[in-house]
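Peer 1: Here is a sequence together with a model predicted from it:
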Amino acid sequence: MANSEHTLKQYDIELESVRERVLQMGELVKWQVRLAIDSLSEGDPALIDRIIAEDHVVNALEVAIDESCTEIIARRQPTAVDLRMVIMVIKTITDLERIGDEAKKIAATARLITQKKNLSLPRFDKIKHVSKLTLDMLDKSLDAFSNMDISAVAEVVRQDELVDEKFRVILRNIVSFMMEDPRTISSALEILLVAKSIERIGDHAKNMAEYVVYMVKGRDVRHITADEIEREVGDNLQ
């Protein structure tokens, strides 16, 4: 009996360790995204280099957490809620790693923009506004993971729809900008790449929020509407 209790306690410790490392990875990725956006206007070469260099830390965390999950599956053979937890973790770290990649892309683009002189660039106000939305989505998704709270998931999905809409507006504005002044085509395309990276970050944050619903309810809510997700969440809260 004592051995059984010890084994169960050790199993809980392993699951909690994995969960804590996912949150550590999430905080690092949030830092990357926030500073990558700031680097667009600040143009600090040292900051840009640091953001890009930190990407290997995110990648290492993904590999280490994935290995831990594989070991848990092999040794503990989790079922039901525990199995859903491990699956959610594996999916979440994949999205976090890809968010880190997008932050690295934004920083690399910021470096190119900084190196250019005397060019008229599209304004950054719309980019900054949509980046705040995606960071808020990422915050909500990580909070949902941390607390196993699905109450904000529908809101994250709706925010993603808004981010997609704003990306389309930015795309139209940039095309108009290039047509008005062809000399800025190269720089405008760089801004477009930044906007696309931000839109992709929103997609990954939405995915992460949806995984929490799968964990809590055992229900895959990908590819359904925010209203349907809201009904799922409402049933859970009643």
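Peer 2: Arrived safely.
Peer 1: Can you give the contact residues for the worst-scoring helix or strand of the chain on mean pLDDT?
Peer 2: One helix or strand of the chain scores below all others by mean pLDDT, DSSP states H and E: helix 226-237, with a mean of 76. Contacting residues not belonging to helix 226-237 are listed as 150-151, 153-155, 157-158, 161, 210, 213, 216-217, 219, 221 [CB atoms under 8 Å, 6 or more residues apart in numbering]. (C-beta placed from N, C-alpha, C; glycine too.)
Peer 1: Going by neighbour count, which of these are buried?
Peer 2: 150, 153-155, 157-158, 210, 213, 216, 221 (16 or more other CB atoms under 10 Å).
Peer 1: one step back: kindly format the C-alpha coordinates of the least confident helix or strand of the chain as CSV.
Peer 2: Output of helix 226-237 as CSV, limited to C-alpha atoms (Å, rounded to 0.1, in the frame of the first residue of the first chain):
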residue,chain,number,x,y,z
ALA,A,226,-17.4,30.6,-30.8
ASP,A,227,-21.2,30.4,-30.1
GLU,A,228,-20.9,26.5,-30.0
ILE,A,229,-17.9,26.7,-27.8
GLU,A,230,-19.7,29.1,-25.5
ARG,A,231,-22.6,26.6,-25.2
GLU,A,232,-20.0,23.9,-24.3
VAL,A,233,-18.5,26.1,-21.7
GLY,A,234,-21.9,27.1,-20.3
ASP,A,235,-22.8,23.5,-19.8
ASN,A,236,-19.6,23.0,-17.9
LEU,A,237,-20.3,26.0,-15.6
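Peer 1: Going toward the C-terminus from the lengthiest helix in the chain, what's the next helix or strand?
Peer 2: In the chain, taking DSSP state H as the definition, the longest helix is helix 2-42. Sequence-wise, the next helix or strand downstream of helix 2-42 (DSSP states H and E) is helix 45-53.
Peer 1: burial of Cys42, as a residue count?
Peer 2: For residue 42 the amino acid is Glu, not Cys. 13 (other CB atoms under 10 Å).
Peer 1: Out of the buried ones among the contacts of helix 226-237, which sit inside helices?
Peer 2: 153-155, 157-158, 210, 213, 216.
Peer 1: Which members of those residues are the farthest-apart pair?
Peer 2: Spatial extent of those (CB to CB) is set by the pair Arg158 and Val216 at 19.1 Å.
Peer 1: can you pull the pLDDT of the residue nearest the centre of the chain?
Peer 2: With distances taken as CA atoms, centre = their mean, the residue of the chain nearest its centroid is Ala205 (4.1 Å). Per-residue confidence at Ala205 stands at 98 (pLDDT).
Peer 1: by contact count, what packs against the helix or strand hosting it?
Peer 2: Assigned by DSSP H and E, Ala205 falls within helix 185-217. Helix 185-217 sits against helix 2-42, helix 80-115, helix 125-147, helix 153-180, helix 226-237, with contacts defined as 3 or more CB pairs under 8 Å, 6 or more residues apart in numbering; DSSP states H and E.
Peer 1: what distance separates that helix from the middle of the whole chain?
Peer 2: 7 Å (CA atoms, centre = their mean, to the nearest Å).
Peer 1: again, but for stretch 86-98
Peer 2: 10 Å.
Peer 1: How about stretch 97-109?
Peer 2: That offset, for stretch 97-109, works out to 11 Å (CA atoms, centre = their mean).
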